[in-house]
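Engineer: Fold the following, please.
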Amino acid sequence: MSRVSGQVRVVGAGLLGTSIGLALSKLGVDVIMSDTSRASQALAVDYGAGRQPQDSDSPALVVVCVPPDHTAEVVEAEAVRQRATPTAIASNLSGSFPNYRSSLVAALAKWDADWDLT
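Structural biologist: Below you'll find the predicted structure:
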């Protein structure tokens, strides 16, 4: 049984994003896979990690699984795409990425959102 209700958009169809998509799909969650690489996105969909995006999608949760140096720009782009203010952000940026952490904090400062960068 899943606690997630509604669609989940996974941005990044690499190992982490595809694995999250597979686990959620197995629980019956409607997973929308998205990647800048059409080939990676198609492969993740073929594996059963989710489906292709549609214009009518309205995800309740967006999971960003991209390299740390792209996280801030992707979080901002997804907020604009969803026409929403993020209400909760969780990320695991280790201390070895201080420059990326500060750019994500700067992006999040634009919104009144709860966030945790552990």
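Engineer: any idea which element the residue lying closest to Arg9 once chain neighbours are set aside lies in?
Structural biologist: Excluding its sequence neighbours, the residue lying closest to Arg9 (Cβ to Cβ, 6 or more residues apart in numbering) is Pro59, at 4.0 Å. Every residue, glycine included, has its C-beta placed from N, CA and C. Under DSSP states H and E, no helix or strand contains Pro59.
Engineer: Pull the residues that contact stretch 25-34.
Structural biologist: With Cβ atoms under 8 Å, 6 or more residues apart in numbering as the contact definition, stretch 25-34 has outside contacts at 1-2, 4, 6-13, 17-18, 21, 24, 41, 44-45, 48-54, 57, 59.
Engineer: tell me the SS of Val45?
Structural biologist: What DSSP: H, G, I helix; E, B strand; the rest coil gives for Val45 is helix.
Engineer: these two touch, right, Arg51 and Ala44?
Structural biologist: No: when contacts are counted by Cβ atoms under 8 Å, Arg51 is not listed as touching Ala44 (9.8 Å).
Engineer: between these two, which one's more packed in?
Structural biologist: Between Arg51 and Ala44, counting by other Cβ atoms under 10 Å, Ala44 is the more crowded of the two (27 against 16).
Engineer: show me what contacts the more buried one?
Structural biologist: Contacts of Ala44 (Cβ under 8 Å, 6+ apart): Ala13, Gly17, Thr18, Gly21, Met33, Asp35, Gly50.
Engineer: Please produce JSON lines containing these, extended by neighbour count and pLDDT.
Structural biologist: JSON lines is the format used below for the contacts of Ala44 (neighbours: other Cβ atoms under 10 Å; pLDDT from 0 to 100):
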{"residue": "Ala13", "neighbour count": "27", "pLDDT": "96"}
{"residue": "Gly17", "neighbour count": "25", "pLDDT": "93"}
{"residue": "Thr18", "neighbour count": "24", "pLDDT": "96"}
{"residue": "Gly21", "neighbour count": "28", "pLDDT": "95"}
{"residue": "Met33", "neighbour count": "27", "pLDDT": "98"}
{"residue": "Asp35", "neighbour count": "21", "pLDDT": "96"}
{"residue": "Gly50", "neighbour count": "27", "pLDDT": "98"}
